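> A predicted structure for the sequence below; I have some questions about it.
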Amino acid sequence: MKKLKMGMVGGGSGAFIGAVHRRAAIMDGETELVAGALSSSREKALASGRAWGLSGGRSYGTWQEMLEGELTLPEDERVDFVSIVTPNHVHFPVAYAFAEAGFNVVLDKPMVHDSEQAQKLIEVVEKTGIVFAVTYQYTGYPMVKQARHMVRTGQLGEVRKVIVEYSQGWLATKLEESGAKQAEWRTDPARSGIAGAVGDIGSHAENLVATVTGLEVAELCADLTAFVSGRRLDDDGNLLIRYEGGAKGVMVASQVSTGEENDLRLRVYGTQGGLEWRQEEANHLVFKPAEAPAQVLKRGNEYLSEDARRATRLPPGHPEAFIEAFANVYANVAVTIRARQEGAESDGSREDFPSVYDGARGVHFIEKTVESDRSTEKWTHASWRSSRRSRETV
């Protein structure tokens with residue numbers, strides 16, 4: 001089977017997340033990296049291309065050169081998709097340009113800076129029919145897919161309560177003044193956007209809830225804080241959420257929880273049972289039926305749902321985790337692109353990755369959270385569905 005050709009924008013030598021995307025994309029042997037504009041600095045971009053073994057003709061100094069260069073190639077020699085792993089402020093111009101030119105896109109989160117940009121991406125995706133994925137990678141974990149299956153098939157009954165927490169401690173001090181690149185751009189409004197912790201990790205929390213439960217935020221009440229003196233964006237967020245249909249939620253997104261590493265956890269409670277999943281123990285899912293002992297479901301077993309089994313590479317007892325979750329997103333993107341190229345019929349089961357619509361809903365959530373924090377009203381209306389319908393009827 002001929003491998004899909006991937007291009008990458010950003011994520012060159014020394015970039016943590018770029019290396020994760022590259023390794024995840026090639027993990028299942030369906031993709032190879034053939035082109036890239038790997039840094040905002042021409043010199044670093046070209047040096048990274050050499051270090052990664054890209055041919056001189058397809059290691060580009062800028063993303064604009066990459067787009068122009070790929071378009072000059074015969075169609076069957078161009079990249080099949082581009083992965084964009086830059087800081088947030090670069091997401092929109094790059095994603096829009098490649099999408100408009102007909103290239104499939106995989107874009108890091110949060111998708112863009114504002115809902116106006118998000119709507120433009122929706123429109124270009126709908127116009128061109130390209131595959132467009134947003135890497136909310138926690139959706140790729142097998143036990144998240146199992147949780148989704150159990151909630152969506154009614155095994156918890158009617159969902160009443162959702163608690164999602166994402167706690168980190170890496171920004172408990174003013175790390176951005178130490179030369180730490182990841183801290184510098186994430187705490188800079190010009191590059192990160194209007195939110196700090198809520199945009200960086202709160203967007204993951206929102207997406208995790210939406211993926212597992214299907215619940216849509218109706219109203220929220222947010223309290224955002226920049227605990228570190230002089231920091232321009234929030235480093236801690238606490239939200240009360242009312243979901244459409246009546247369920248209630250609590251969300252915590254903090255990057256100043258000293259001592260925590262990457263503690264994302266989700267609890268969902270229904271009329272017939274509850275679920276608990278924790279990213280740092282990602283291979284287990286705790287099911288708490290109302291009238292039976294709690295059960296620990298484990299990744300890799302035949303009793304799991306089809307989606308959970310498909311997302312598993314190793315037998316039980318051999319832990320799978322972060323890069324494999326990314327790889328599951330890329331694997332489903334690759335299968336979807338290949339099916340469309342071959343004109344094959346699809347039942348949609350492999351189009352199991354966050355879409356441009358998920359990305360747009362996440363941007364809307366960030367905006368409404370910041371709006372709520374700044375408002376004197378107790379509750380802020382935050383329904384993405386109703387706001388999108390309003391835009392479509394204008």
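Perfect, thanks for sending it. Residues are numbered from 1 along each chain as shown.

> all contacts plus neighbour counts: C-alpha atoms, from now on.
Will do.

> how many neighbours does L224 have?
Each residue near L224 was counted by other CA atoms under 10 Å, and the total is 23.

> distance of it relative to W379?
14 Å (CA to CA, to the nearest Å).

> and for N88?
Between N88 and W379 the computed distance is 28 Å (CA to CA).

> of the two, which one has the most company?
Between N88 and W379, N88 has the larger neighbour count (other CA under 10 Å), namely 24 against 17.

> OK, contacts around the residue nearest to the more buried one when sequence neighbours are not counted?
Using CA to CA, 6 or more residues apart in numbering and skipping residues adjacent in sequence, the residue nearest N88 is S192, 5.4 Å away. Contacts for S192 were tallied using CA atoms under 8 Å, 6 or more residues apart in numbering; they are 87-89, 113, 185-186, 199.

> again, but for I26
Residues near I26 by CA under 8 Å, 6+ apart: 32-33, 327.

> could you redo the last one with a cut-off of 6 Å?
Residues near I26 by CA atoms under 6 Å, 6 or more residues apart in numbering: E32.

> backbone dihedrals for it, both of them.
phi -100, psi 0 (degrees, to the nearest 10).

> before we move on, what about the one 4 residues further on?
Phi and psi for E30, reported as degrees, to the nearest 10, are phi -100, psi -10.

> how many residues are close by it?
17.

> phi, psi of the residue of the chain positioned farthest from its centre?
Within the chain, the residue lying farthest from the chain centre (CA atoms, centre = their mean) is E291, at 35.5 Å. Reported as degrees, to the nearest 10, the phi and psi values for E291 are phi -130, psi 30.

> beta partners of E219?
The bridge-partner assignment for E219, based on DSSP bridges, gives R242, H381.

> which regions of the stretch 1-150 of the chain sit below the pLDDT cut-off?
Segments of the stretch 1-150 of the chain classed as low confidence (criterion: pLDDT under 70) are not present in this model.

> repeat the analysis, applying 80 as the threshold.
By pLDDT under 80, the low-scoring segments of the stretch 1-150 of the chain are 1.

> where's the residue nearest to N88 relative to Q182, distance?
Per CA to CA, S192 is found 11 Å from Q182.

> for V94, same thing?
Counting by CA to CA, the gap from V94 to Q182 is 20 Å.

> out of these two, which sits in the busier spot?
For V94 against Q182, the residue with the higher neighbour count under other CA under 10 Å is V94, and the figures read 20 against 14.

> now that one: closest residue in space, sequence neighbours ignored.
If you skip the residues right next to it in sequence, V94 has W63 as its closest partner in space, 7.2 Å away by CA to CA, 6+ apart.

> kindly report the same for G12.
For G12, the nearest residue in space outside its immediate sequence neighbours is L38; the separation is 4.6 Å by CA to CA, 6+ apart.

> got it, and A147?
Residue nearest to A147 in three dimensions, not counting chain neighbours: V212, with 6.1 Å by CA to CA, 6+ apart.

> next: E371.
Across the structure, with CA to CA, 6+ apart as the measure, the residue nearest E371 apart from its sequence neighbours is T380 (7.6 Å).

> ok, the one you found touching D223?
No. Using CA atoms under 6 Å, T380 and D223 do not qualify as a contacting pair, with a distance of 11.9 Å.

> ok, which stretches of the stretch 201-350 of the chain are helices?
If DSSP state H, counting those that start in this stretch is used as the criterion, the helices of the stretch 201-350 of the chain fall at 203-213, 306-310, 322-342.

> any idea where the strands of the stretch 201-350 of the chain begin and end?
With DSSP state E, counting those that start in this stretch, the ranges of strands along the stretch 201-350 of the chain come out as 217-225, 236-243, 248-254, 263-270, 273-278, 284-289, 295-298.

> equivalent analysis for the stretch 51-200 of the chain, please.
81-84, 104-107, 132-134, 159-167.

> got those strands as JSON lines, with mean neighbour count and distance to A45 columns?
Rendered in JSON lines, the data for these read as follows (neighbours: other CA atoms under 10 Å; distance: least, CA to CA, whole Å):
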{"stretch": "strand 81-84", "mean neighbour count": "27", "distance to A45": "14"}
{"stretch": "strand 104-107", "mean neighbour count": "26", "distance to A45": "19"}
{"stretch": "strand 132-134", "mean neighbour count": "25", "distance to A45": "23"}
{"stretch": "strand 159-167", "mean neighbour count": "22", "distance to A45": "33"}
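
> for these, which one sits closest to A24?
strand 81-84 (11.5 Å; CA to CA).

> helices or strands up against that closest one?
Counting contacts by 3 or more CA pairs under 6 Å, 6 or more residues apart in numbering; DSSP states H and E, strand 81-84 is packed against strand 4-9, strand 104-107.
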